[in-house]
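# I'd like to go over a predicted model; first the sequence, then the structure.
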Amino acid sequence: EQRRDEELLSVRTNLKSVVSSRFTFSGGLEWQRLESRRFKLVDDLLDADYHLDIDKFAEFAYPNDPAALSPDLSRPDRVVQEGDTFGYHYRQHLQRGAAWLQLAFTFRKIDLFLAGHGSITEFYREGLWRNGIFPNSSAGSSEMLRFENYGGKAGLSIKFNGRNYLQLMGAYLNRAPFLD
């Protein structure tokens with residue numbers, strides 16, 4: 001069984017202010033902290049007595065390197081039972097802060113909005129095992145990756161009558177890669 005045990009702390013706040021019958025301001029702040037522990041767990045041996053914890057990919061990709069077979073070099077040729085962790089074991093750490101705002105204008109024949117956002121995302125991986133394929137870089141903390149993201153969007157609605165509208169919208173944004 002592939003497991004992903006996550007602990008997430010998230011704080012968000014939003015503000016909406018109706019400045020006038022024609023103008024509304026909205027905005028918000030967000031902060032998140034995530035720690036995700038990822039591993040494989042022996043759920044059922046299907047009537048077998050044990051499972052030998054070796055990397056099946058490495059068996060064919062690195063046939064002349066016996067160390068590459070081991071997902072954890074501190075325990076080569078490990079025999080695992082039900083409930084044991086095998087294959088891989090690491091943590092991912094993420095921290096993200098974001099802010100956004102939107103201005104909305106309403107008129108008799110036209111509605112218009114302008115919005116923008118900005119965020120900073122940082123994450124890194126913490127290897128809990130020293131893998132045989134990547135013995136020098138799999139255990140311990142990786143380099144912290146930082147992404148500064150921003151974007152904006154705008155929209156215009158033209159009201160011809162109560163049933164016919166023309167809507168034009170556009171956006172430009174960038175995002176940090178998903179932590180997966």
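Thanks, I have the structure now. Remember, it's a predicted structure, so these values are computed and weren't measured experimentally.
# need the helices for this protein, in chain order.
Along the chain, counting by DSSP state H, helices occupy 56-61.
# Which of the helices and strands in it ranks last by mean pLDDT?
Within the chain, confidence by mean pLDDT, DSSP states H and E is lowest for helix 56-61 among all helices and strands, at a mean of 90.
# Pull out the buried residues from it.
Residues of helix 56-61 classed as buried by neighbour count (16 or more other C-beta atoms under 10 Å): A58. All C-beta spots, glycine's among them, are computed from the backbone N, C-alpha and C.
# do stretch 118-125 as well
S119, T121, F123, Y124, R125.
# Please report how far the fourth one lies from Y90.
What it means is Y124. Distance, Y124 to Y90, using C-beta to C-beta, to the nearest Å: 11 Å.
# for the record, mean pLDDT for the longest strand along the chain?
The longest strand of the chain (DSSP state E) is strand 85-106. For strand 85-106, mean pLDDT rounds to 97.
# before we move on, what about stretch 168-180?
On average, stretch 168-180 scores 92.
# What residues of it count as buried?
A176.
# Same check on stretch 75-88?
Quick answer for stretch 75-88 (16+ other C-beta under 10 Å): R78, V80, T85, F86, G87, Y88.
# Any figure for the gap between the last one and D44?
According to C-beta to C-beta, Y88 and D44 sit 19 Å apart.
# if we can go back for a sec, the least confident helix or strand of the chain - contacts with which helices or strands?
Contact partners of helix 56-61 among helices and strands, from 3 or more C-beta pairs under 8 Å, 6 or more residues apart in numbering; DSSP states H and E: none.
# what's that helix in contact with?
Under the criterion C-beta atoms under 8 Å, 6 or more residues apart in numbering, residues D65, A68, L69, G132, I133 lie in contact with helix 56-61.
# What's the PyMOL line that selects buried ones from those?
Buried subset of these, written as a PyMOL selection, criterion 16+ other C-beta under 10 Å:
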select buried, resi 68+69+132+133
